[in-house]
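Visitor: prediction below, plus the sequence it came from.
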Amino acid sequence: MSPNLKGALFMMASMAGFTLNDACVKLLAEDLPLFQIVFLRGVATTAMMAAMVWAMGGLSFHIPRGDRGRVIWRTIAEIGAMVAFLTALINMPIANVTAILSALPLTVTLAAYVFLGEPVGWKRLLAILAGFGGVLLIVQPGGDGFSLYALAALLAVALVTARDLITRRLSRDVPSMGVAVITAAAVGLFGGVMSMGEPWRPVDLEAGILVLAASTVIIAAYLFSIMVMRVGEIGFVAPFRYTSLVWALFLGWLVFDEWPDNLTLLGSAIVVATGLFTLWREQVAAKRALRLAQPAKPAPGRC
């Protein structure tokens, strides 16, 4: 099996894990309050993740002084994105929410251009604008399919974009898995505090299985997303992140009896197409920069 094929399979497995987690949470929300779900999943995820990383001998919480503020703000952005996303997920079709989240490669590219000064050509900027047009078709402001929960999904996109920009600013000395465990614990703690204002409901066997399933698949998704970065070419592997939309369509139809309308499907297709084009142009620009950075070969002498 080639490295690219392995990377593609890992990316598809990661997207399947994230989408299955979303489906578990959406099912749990039929019987349990939102923050009770967040707390229970956060406790299970933190415990499982910490035990797994500790067993591998890679658990470290040493954060350099200059990165501590960034880690705090990253965690705050993660918590805000989680609340906004789950609010949208519980109240909207899973495919619609996933389609809006599919705009993330576009928003991250644009934000890196605006705030970090990363170069972005006019072709990618046009693709980003077209992608935002696709998002409008999904959200349908002013239309019959519009809801305020779509704005929550857009807020989640904005906060995840902020989280990713902060992550880019972290130094290489920051332990990735340590930050992941800290974030999971902070999310669970936040859910526990907020759940004190909600009436707790008893957790039956089915709900307990769903909580464990959600925790297991999201950890598997994180692991596969890390493995993706270690095999294959990013330009080949990255487009397979859009298989999350295929999973969301399938699970929405199979589990929740949901199917998006034609405008949402058209908008999703535009978002995916522009995202793929943006990823491709990034690879073209990276290869051009690498080629220009290489020293020119001397011309062969004449006999």
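Guide: Cool, got the structure. Numbering: from 1, shown residues only.

Visitor: what packs against the helix ranked longest in the chain?
Guide: Secondary structure of the chain per DSSP state H: the longest helix is helix 262-293. If you count contacts as 3 or more Cβ pairs under 8 Å, 6 or more residues apart in numbering; DSSP states H and E, helix 262-293 packs onto helix 94-101, helix 104-115, helix 122-139, helix 234-237. Using the backbone N, CA and C atoms, a C-beta is placed for each residue, glycine as well.

Visitor: switch the cut-off to 6 Å
Guide: helix 104-115, helix 122-139 (3 or more Cβ pairs under 6 Å, 6 or more residues apart in numbering; DSSP states H and E).

Visitor: right, and the ones you listed - which one's nearest Phe61?
Guide: For Phe61, the closest of the helices and strands packed on helix 262-293 is helix 104-115, at 26.8 Å, according to Cβ to Cβ.

Visitor: what angle separates that closest one from helix 94-101?
Guide: Orientation check (axes from the mean of the first three to the mean of the last three Cα atoms, to 10 degrees): helix 104-115 against helix 94-101 gives 30 degrees.

Visitor: return the set of buried residues in helix 104-115.
Guide: Leu104, Pro105, Leu106, Thr107, Val108, Thr109, Leu110, Ala111, Ala112, Tyr113 (16 or more other Cβ atoms under 10 Å).

Visitor: check stretch 215-232 too.
Guide: In stretch 215-232, counting by 16+ other Cβ under 10 Å, buried: 215-225, 227-228, 231-232.

Visitor: ok, stretch 126-145 next?
Guide: With burial defined by 16+ other Cβ under 10 Å, the residues of stretch 126-145 counted as buried are Ala127, Ile128, Ala130, Gly131, Phe132, Gly134, Val135, Leu137, Ile138, Val139, Gln140, Gly145.

Visitor: could you redo those as a markdown table and give each row pLDDT?
Guide: A markdown table is the format used below for those (pLDDT from 0 to 100):
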| residue | pLDDT |
| --- | --- |
| Ala127 | 86 |
| Ile128 | 85 |
| Ala130 | 91 |
| Gly131 | 88 |
| Phe132 | 89 |
| Gly134 | 89 |
| Val135 | 91 |
| Leu137 | 88 |
| Ile138 | 88 |
| Val139 | 87 |
| Gln140 | 82 |
| Gly145 | 63 |
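
Visitor: would you reformat these as CSV and include distance to Pro239?
Guide: Formatted as CSV, those follow (distance: Cβ to Cβ, whole Å):
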residue, distance to Pro239
Ala127, 14
Ile128, 16
Ala130, 17
Gly131, 14
Phe132, 19
Gly134, 16
Val135, 18
Leu137, 21
Ile138, 19
Val139, 24
Gln140, 26
Gly145, 28
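
Visitor: mind listing the helices for the stretch 151-300 of the chain?
Guide: 176-195, 205-228, 234-237, 243-255, 262-293 (DSSP state H, counting those that start in this stretch).

Visitor: ok, which of those helices comes nearest Ala99?
Guide: Going by Cβ to Cβ, the one of those nearest Ala99 is helix 262-293, 4.1 Å.

Visitor: which among the helices and strands packed on helix 262-293 is found nearest to Glu30?
Guide: Across those, closest to Glu30 is helix 122-139 (Cβ to Cβ), at 24.1 Å.

Visitor: sec struct for Glu30, please.
Guide: coil (DSSP: H, G, I helix; E, B strand; the rest coil).

Visitor: and it, how far from Val255?
Guide: 11 Å (Cβ to Cβ, to the nearest Å).

Visitor: ok, these two, which is more surrounded?
Guide: Val255 (13 against 10; other Cβ atoms under 10 Å).

Visitor: which SSE is the nearest residue to that one once chain neighbours are set aside in?
Guide: Distances taken as Cβ to Cβ, 6 or more residues apart in numbering place Ala23 nearest to Val255, at 5.9 Å, with adjacent residues excluded. Following DSSP states H and E, one finds Ala23 within helix 3-28.

Visitor: pLDDT below threshold where in the stretch 51-200 of the chain?
Guide: In the predicted model of the stretch 51-200 of the chain, residues 58, 142-145 satisfy pLDDT under 70.

Visitor: run the last query once more with 80
Guide: Across the stretch 51-200 of the chain, residues meeting the criterion (pLDDT under 80) sit at 53-61, 118, 141-146, 176-177.

Visitor: just the pLDDT for Pro298.
Guide: On pLDDT, Pro298 comes in at 55.
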